[in-house]
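In: Next one to model:
(2 chains)
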Amino acid sequence: MMHHDSLMNAKIGDKLPVFVFGPVSRGVLALYAGASGDHNLIHIDSDYAKNAGLPDVFAQGMLSFGVLAQVATRWAGIEHLRAFGARFVSITQVHDLITCTGEIIERMDVAGETQVRVALTATAQDGRQTLTGEAIVALR
Amino acid sequence: MDYCIAVNSVEERNRTMSRQATSVNPKGIFDRSTKGRTLRPITVTVERARIQFFSQVLQEPDPLHHDIATARARGFADIVAPPSFYTAIDATVNEERRRLGQVSVAALIKCDFQRLLHGDEKYEFSGLIFAGDQVTLTTTIVDFYDKKGGALEFVTLASVLEHVTRGVLVRATRNLLHRLD
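Out: Numbering: from 1, shown residues only, chains lettered A, B, ... in the order given. Below you'll find the predicted structure:
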């Protein structure tokens, strides 16, 4: 986590440290199902997934979502996170390696504090974007 | 597969809702008659072990999410839930609904889990969530809409997570969709 003095120097165009997660194993999908309470069998039971016409199980979107959020929180700390959101633009498959990146795209003063808007992207090992998102981080 | 969607604000959708009748998709699965309904608020306790397990699976590096001594040293009463832990609280609330003999959101809107995908998820944070917190979740079924000529149908859910004394902690918006082709 960054010291707050260095956080205040954050400027548009700065790239945040990259966070790589995975490859996402079937075991991680099962553990995330238990941890998150999302028990949808499409993520953990390949028979169920094949019955639904899919080649295999695929990752819970919220698993990647939680991983992507860490680009912001590993950099600034959770106390500084004001908003976070992401779109699921393609399916994260089992065995995908997820690389999460962030870049500061705006700096603004809101409600008595200086904040930055961070553009976030999760990408699989073949270059396929899986999530695009944004975080609002307070710098003070 | 392309199921990108435009992210509209809840307010924008509410304005649209007031002008339009509920849309009809002959292939649709969602029960669109539930549009506009707010489910009865449900209060649950945030469990410390659940935060620790969730943080471990996500490889959260900050000991604030699993170590009480670290949390206390940083001025907090207990460990802190990671940003996406909201989704575990939402699931706990739906389990509690089933125990109380009420229907879950998924059952109410008639999600078909073999066709269900997640479109997007957004949180605005007003406060941290701590282990031991009693939190109340209120969820509204905001709207149903179609894309790709009816090959995809969407639902927008908006929720508010509140603590009895600290007030609103998270405002969440979630779009789910069915593949209908």
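In: the strands in chain B, which residues?
Out: Assignment of strands within chain B using DSSP state E yields the ranges B:42-45, B:116-125, B:134-147, B:152-163, B:167-179.
In: Out of those strands, which is closest to chain A?
Out: Proximity to chain A (Cβ to the nearest Cβ) singles out strand B:116-125 among the strands of chain B, at 3.1 Å. Where C-beta positions appear, they are placed from N, C-alpha and C, glycine not excepted.
In: List the contacts of the closest one.
Out: For strand B:116-125, the external contacting residues (Cβ atoms under 8 Å, 6 or more residues apart in numbering or on different chains) are A:40, A:42, A:61-62, A:65, A:81-88, A:91, B:3, B:5, B:7, B:83, B:86-87, B:154, B:169-179.
In: mind running it again at 7 Å?
Out: Contact with strand B:116-125 is made by A:61, A:65, A:81-88, B:3, B:5, B:7, B:83, B:86, B:154, B:170-179, as judged by Cβ atoms under 7 Å, 6 or more residues apart in numbering or on different chains.
In: cool, and stretch B:150-158?
Out: Here stretch B:150-158 makes contact (Cβ under 7 Å, 6+ apart) with B:3, B:5, B:10, B:13, B:25, B:27-28, B:30, B:105, B:109, B:119, B:139-147, B:173-181.
In: switch the cut-off to 6 Å
Out: Where contact means Cβ atoms under 6 Å, 6 or more residues apart in numbering or on different chains, the residues beyond stretch B:150-158 that reach it are B:3, B:10, B:13, B:25, B:27-28, B:30, B:109, B:139-140, B:142-146, B:173-178, B:180-181.
In: do stretch A:88-107 as well
Out: Contacts made with stretch A:88-107 from outside it, assessed by Cβ under 6 Å, 6+ apart, are listed as A:10, A:12, A:14-16, A:18-24, A:26, A:56-59, A:61, A:64, A:67-68, A:71, A:116-125, A:128-132, B:4, B:118.
In: List buried residues within these.
Out: Among the contacts of stretch A:88-107, the ones that count as buried by 16 or more other Cβ atoms under 10 Å in any protein chain shown are A:10, A:16, A:19, A:21-22, A:24, A:57-59, A:61, A:64, A:67-68, A:71, A:116-118, A:120-124, A:130-132, B:118.
In: how about stretch A:45-63 against chain B, any contact?
Out: Yes: with Cβ under 6 Å from any Cβ of the partner chain as the measure, stretch A:45-63 is seen reaching chain B through A:52, A:61, A:62.
In: Find the nearest non-adjacent residue to the residue of chain B found nearest chain A, please.
Out: Taking Cβ to the nearest Cβ as the measure, the point where chain B comes nearest chain A is residue B:91, at 2.6 Å. When the adjacent residues along the chain are set aside, residue B:91 lies closest to residue A:37, with 2.6 Å between them (Cβ to Cβ, 6 or more residues apart in numbering or on different chains).
In: Would you quantify the distance from residue A:11 to residue B:106?
Out: In this structure, residue A:11 and residue B:106 are separated by 43 Å, where distance is defined by Cβ to Cβ, to the nearest Å.
In: For residue 48, list the residues it contacts.
Out: Answering for chain A, as no chain was given. residue A:41.
In: wrong one, chain B
Out: By Cβ under 6 Å, 6+ apart, the contact list for residue B:48 reads residue B:131.
In: repeat for residue B:160
Out: Residue B:160 makes contact with B:138, B:171, according to Cβ under 6 Å, 6+ apart.
In: Also residue A:9?
Out: Residue A:9 is in contact with no residue at all, counting by Cβ under 6 Å, 6+ apart.
In: OK, contacts around the closest residue to residue B:119 other than its chain neighbours?
Out: Among residues not flanking residue B:119 along the chain, residue B:175 sits closest, at 3.6 Å (Cβ to Cβ, 6+ apart). Residue B:175 makes contact with B:119, B:120, B:154, B:156 under the criterion Cβ under 6 Å, 6+ apart.
In: would TSV of those with pLDDT and distance to residue B:127 be doable?
Out: Converted to TSV, the contacts of residue B:175 look like this (pLDDT from 0 to 100; distance: Cβ to Cβ, whole Å):
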residue	pLDDT	distance to residue B:127
B:119	97	27
B:120	97	23
B:154	98	30
B:156	98	24
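In: Many thanks, have a good one.
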